[in-house]
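**Student:** Sequence and predicted structure are below.
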Amino acid sequence: MPEAFDIRLLCLDGISELPSLVSRCPDVECLAFHDGEYLMREGEESQDLFIVVEGAYVVERPPDLPGAQASLLATVMVDPGEPSFVGEMAYFGSQRRSASVRSSGRTLALCLKRHHIDVIVEHYPGLLKIIFRQLTERLVETNGSLKELQARFALAPERRMGSAGERLFSAGDPADKLFQLLMGEVRIEGADGSRLVRPEDLAQGLLEPEAFLRGRPHRLAATVENTAFFLVVDAARREAVVRSYPGLALGLLFEG
């Protein structure tokens, strides 16, 4: 079993925001993993994210046949002064872990819950920069092999027609669906007034994607002005949205 450690005893010249994060969020766990211990296992539904601050780890998949060796996907040595984020895609959805991560030697890591990322976004630009870089690299690698048609298929959208006056969502409603306007007009209402939008007025035709991607309530209200056509993506496909529109997703989630 991993043991607790005191992050204040580490030399963290290059990542000095970490002690402040732990102080601000006392529920962040500082864990020391022994050689061979798992930070996470393939198939788990946990949404925990790990910041590895010292040591090394391997990423692997279980063998296809009993008695065979696990498939080694990557070996990561953590550079002094720059932590490594592991399991970051869990922030975007509740899908099961796609691989296992095992400590190689003694590894020190911070275990974060999903809400801790919001704290990092708002208060810790140094850590945010590292997340941004690592997440960008992984998304680029993943999306390099995907075609636009494959990405759209992965979204599994529902095709819908909206009638004039139909309320798509109101301010304060949970953003559990993402609406992509294909044709027609929608009236957007908020604290700054109201305006009509068409597909060309919106990034990728998406209506308030930030609320959907960050799992927050809508800040605006959206009502169909005339007959309109949409693609509607369920919250369970949030990770597929990130993979389909990486530039848009990163810009919305990590803008200053």
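**Tutor:** Now that the structure is in, tell me what you want to look at. Numbers count the residues shown, from 1 in each chain.
**Student:** low-confidence ranges in the stretch 1-150 of the chain?
**Tutor:** Applying pLDDT under 70 to the stretch 1-150 of the chain flags the ranges 13-14, 63-69, 90-95, 141-150.
**Student:** helix or strand right after the helix or strand where Leu181 lies?
**Tutor:** Remark: Leu181 resides in strand 177-183, with elements defined by DSSP states H and E. The element immediately downstream of strand 177-183 (helix or strand, assigned by DSSP H and E) is strand 186-190.
**Student:** Buried residues, whichever helix or strand comes after that following strand. List them.
**Tutor:** Scanning forward in sequence from strand 186-190 by DSSP H and E, the next helix or strand is strand 193-197. Across strand 193-197, burial judged by 16 or more other C-beta atoms under 10 Å covers Val197. The C-beta positions use only the backbone N, C-alpha and C, and glycine is treated the same way.
**Student:** I would like the residues contacting strand 193-197, please.
**Tutor:** Contacts made with strand 193-197 from outside it, assessed by C-beta atoms under 8 Å, 6 or more residues apart in numbering, are listed as 181, 185-188, 207, 225.
**Student:** between those residues, which is closest to Thr136?
**Tutor:** For Thr136, the closest of the contacts of strand 193-197 turns out to be Leu207, at 24.9 Å, with distances computed as C-beta to C-beta.
**Student:** can you name the two of the contacts of strand 193-197 that are farthest apart?
**Tutor:** Across those, the two members that end up farthest from each other (C-beta to C-beta) are Leu207 and Glu225, 12.7 Å apart.
**Student:** what about these two, which has more around it?
**Tutor:** In this view Leu207 and Glu225 are compared by other C-beta atoms under 10 Å, and Leu207 has more residues nearby, 22 against 18.
**Student:** same for the strand holding Leu181, what does it pack against?
**Tutor:** Here strand 177-183 touches strand 167-169, strand 206-207, helix 209-214, strand 228-234, going by 3 or more C-beta pairs under 8 Å, 6 or more residues apart in numbering; DSSP states H and E.
**Student:** What residues of the one helix or strand Val121 maps to count as buried?
**Tutor:** Secondary structure from DSSP H and E places Val121 in helix 114-123. The neighbour-count criterion (16+ other C-beta under 10 Å) identifies 116-117, 120-121 as the buried residues of helix 114-123.
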